[in-house]
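Peer 1: Would you be able to build a 3D model of this:
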Amino acid sequence: MKNLVISALVAFSGFWCAQTGNVGVNTSLPGSTLTVSGSISGQYKNISTSTTLGVNDFYTAFNGSSVGTFTLPAATAAAPAAGNIQGRVYYIKNTGTAALNVAASGTELIDNQSGAGVASVSITPGGYIMLISKGTTTGTTWETGLLINKTTPTIAALGASDTVTYSGTALTNFNNSIPQLIPFSVGDVIVNQGGSAVWNDAGDYWQILESGVYKIEGYAYFGSGGAVSGTGAFTGINLNITKNGTALVNIIGGNRANIDNAAASAGNSPINVNTIVHLNAGDRVYLTMNWGALNKPTTDAHITAPASLSESRNFSLMQLSTP
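Peer 2: Residues are numbered from 1 along each chain as shown. So this is what the prediction gives:
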């Protein structure tokens, strides 16, 4: 009956034909179960937020500017008709500037072609993945047919020359060992290649888009607006790399410069800090400064480039490995 219906379509439209159970489009000799002699169209979507893929999705692009998640459907479909979705294919491209996580449903896993199944796979900006349902309903239910992520390691850096001053409440907090943000601006970005971190100008931090091991470095000059408290004293100033907030408990790398009274009041003493640390997608990394020991700066604390030098501070990171 099926072949009769198809044959009738052939006679009526000239586009479909049947031959020993095979179906052809624009061909009278289909050599496979389905032979299409022409173009094929699938559903195309462009999404900027997290979503759950469904029965009508095929090729989906993610163009978000913050980390998002595409959740794959459960292995047993509830609609439009209950049953296993074995063989269903999804194509996903990250066209945005933030990382995209592709996650299996519930406790299901994705075969990411290396070791045991994983709950999710991260797609970097510019990355692409093709997934197919394996037909299993528990454990590893999705197979990665193709995964392409960027290969350029991230190197990102800022350098600035203007003066930063902490006075009033900011100086009080500085002298109470509360790390104070060292600000930069979008215009201070020297290089940002690779795509696994992006500078957030409103929050003054590097936003990590891809989990991995990073080398982070910071540099800043320090000066006190007046002689530090005490006579013949030293002040200990901390330059910190902090993560996900500016509290002391969030410091992941730091260095202290013990500066004598005369040098502190004259100003412009350099402090360097660097660390190698594992960061997760979504982490925020700040450069901060605070009083750490001995006597305290007075009037104000400031970051200023010395005479004949152009840079007062810099902040950089380099991705060493993933994930």
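
Peer 1: Sketch out the low-pLDDT regions of the stretch 151-300 of the chain for me.
Peer 2: Scanning the stretch 151-300 of the chain for pLDDT under 70 picks out 151, 231-232.

Peer 1: could you pull out the helices for this structure?
Peer 2: Taking DSSP state H, the helices of the chain run over residues 2-13, 169-175, 261-266.

Peer 1: neighbours around residue 202, how many?
Peer 2: 6 (other C-beta atoms under 10 Å). For the C-beta atoms, the positions are set from N, CA and C on the backbone; glycine is no exception.

Peer 1: Does residue 153 touch residue 318 like I think?
Peer 2: Yes: taking contacts as C-beta atoms under 8 Å, residue 153 lies within contact range of residue 318: 7.0 Å.

Peer 1: and the nearest residue to residue 165 once chain neighbours are set aside, how far is that from residue 149?
Peer 2: Of all residues not flanking residue 165 in the chain, residue 302 sits nearest, at 4.5 Å (C-beta to C-beta, 6 or more residues apart in numbering). Between residue 302 and residue 149 the distance is 43 Å, computed by C-beta to C-beta, to the nearest Å.

Peer 1: Same check on residue 161?
Peer 2: 36 Å.

Peer 1: Show me which of those two is the more surrounded one.
Peer 2: Higher neighbour count among residue 161 and residue 149: residue 149, with 19 against 12, using other C-beta under 10 Å.

Peer 1: And for residue 275, nearest residue in space, chain neighbours not counted?
Peer 2: residue 253 (2.8 Å).

Peer 1: So what's the residue count around that neighbour?
Peer 2: By other C-beta under 10 Å, the burial measure for residue 253, its neighbour count, is 19.

Peer 1: That one is in contact with residue 279, isn't it?
Peer 2: No: counting by C-beta under 8 Å, residue 253 sits too far from residue 279 to count as a contact (11.6 Å).

Peer 1: give me phi/psi at the residue most central in space within the chain?
Peer 2: Centroid check for the chain by C-alpha atoms, centre = their mean gives residue 209 as the closest residue, at 0.9 Å. In terms of degrees, to the nearest 10, the main-chain angles of residue 209 are phi -100, psi -20.

Peer 1: surely it meets residue 98?
Peer 2: Yes: with contact defined as C-beta under 8 Å, residue 209 and residue 98 form a contacting pair (5.4 Å).

Peer 1: which residues are in contact with both of these two?
Peer 2: 67, 125, 198 (C-beta atoms under 8 Å, 6 or more residues apart in numbering).
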